[in-house]
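Quick check, what structure comes out for this input:
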Amino acid sequence: MAIARTLLASLAILAAGATAFGYATDSLRDFTSEAARRLEIQERPRLVPTTAALESADGRRLDFSALHGRWVLADFIYTRCPTWCSVLGSQFAQLERQLSDPIAAGQVQLLSISFDPDHDTPVRLADYQLRFGASGQGWMAVRPADSGDPLDRLHRAEH
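I've put the predicted structure just below:
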C-alpha cells in the first residue's frame, strides 16, 4: 500500500512538473527568453507608429509610412559610439552591398536610427555612413525629427 501511495505521489509530482514545464516553454516551443521574444513577435507583431517623424542624413523629413511594403532591417546607433555601433555600421554597409538587388527592387531598406538626436545631426549621420562605405542606395541613417526623448515620442505616437 505504501508503494502505491509513493507511486501515485510521484506521478502527481511528475504531472505537475510536466505541466509547469509545458507552460513555461509555451507548449515546448521555446526554451530561452530570446526564443520566447521571437515567438511573441512572430505571433503578435507590433506595428511601428507611422506618425514618428524622422530626419535623414541628407536633411529630408520622412515618417515610417514611407517604408510601407518593404522589409526594414533596423539598428539603433549613436555616431560617437566606439564599439558596437562601429560593428553595426560595418555590417550594414556589407548588407547594403549583399542586398543590392532586393534594395533596387524596393523590397528592402536598411535603417540606422540614432538615439542621440541632439548630437547626431544630419551631417554626423552622413559622416557615419561614409566612414563605412555606404553607397546611399539602400541604407538610411536617421534621427527623430522632433526634440525631446525619442522613446517618449515613439510611445506618444503609438497612442
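
avg pLDDT for the lengthiest helix in the chain?
In the chain, with assignment by DSSP state H, the single longest helix is helix 2-24. Averaging pLDDT along helix 2-24 gives 80.

Look at stretch 66-81 and report the distance between its end residues.
28 Å (C-alpha to C-alpha, to the nearest Å).

Can you mark which positions in it are buried?
Going by neighbour count (16 or more other C-beta atoms under 10 Å), the buried part of stretch 66-81 is 67, 70, 73, 75, 77, 78, 79. Quick note: C-beta positions are derived from backbone N, CA and C, even for glycine.

Give me the next element, helix or strand, following the longest helix of the chain.
Once the chain leaves helix 2-24, the next helix or strand it forms, by DSSP states H and E, is helix 33-43.

Strand partners (parallel or antiparallel) of the helix or strand following that next one?
Per DSSP H and E, the first helix or strand lying C-terminal to helix 33-43 is strand 53-56. Note on strand 53-56: by DSSP bridges, its sheet partners are strand 61-63 (antiparallel), strand 139-144 (antiparallel).

before we move on, back to that, and the longest helix of the chain, how far from the chain's centre?
Centroid separation between helix 2-24 and its chain, computed with C-alpha atoms, centre = their mean, to the nearest Å, is 41 Å.

just for this structure, where's the confidence low?
The model of the chain has pLDDT under 70 over residues 25, 27-31, 48, 50, 147-159.

please redo it, this time with the cut-off set to 90
1-53, 62-69, 78, 80-93, 115, 131-138, 145-159 (pLDDT under 90).

Show me what the residue most central in space within it is bridged to.
Geometric centre of the chain, nearest residue: residue 74, 5.7 Å, by C-alpha atoms, centre = their mean. Per DSSP bridges, the residues bridged to residue 74 are residue 111.
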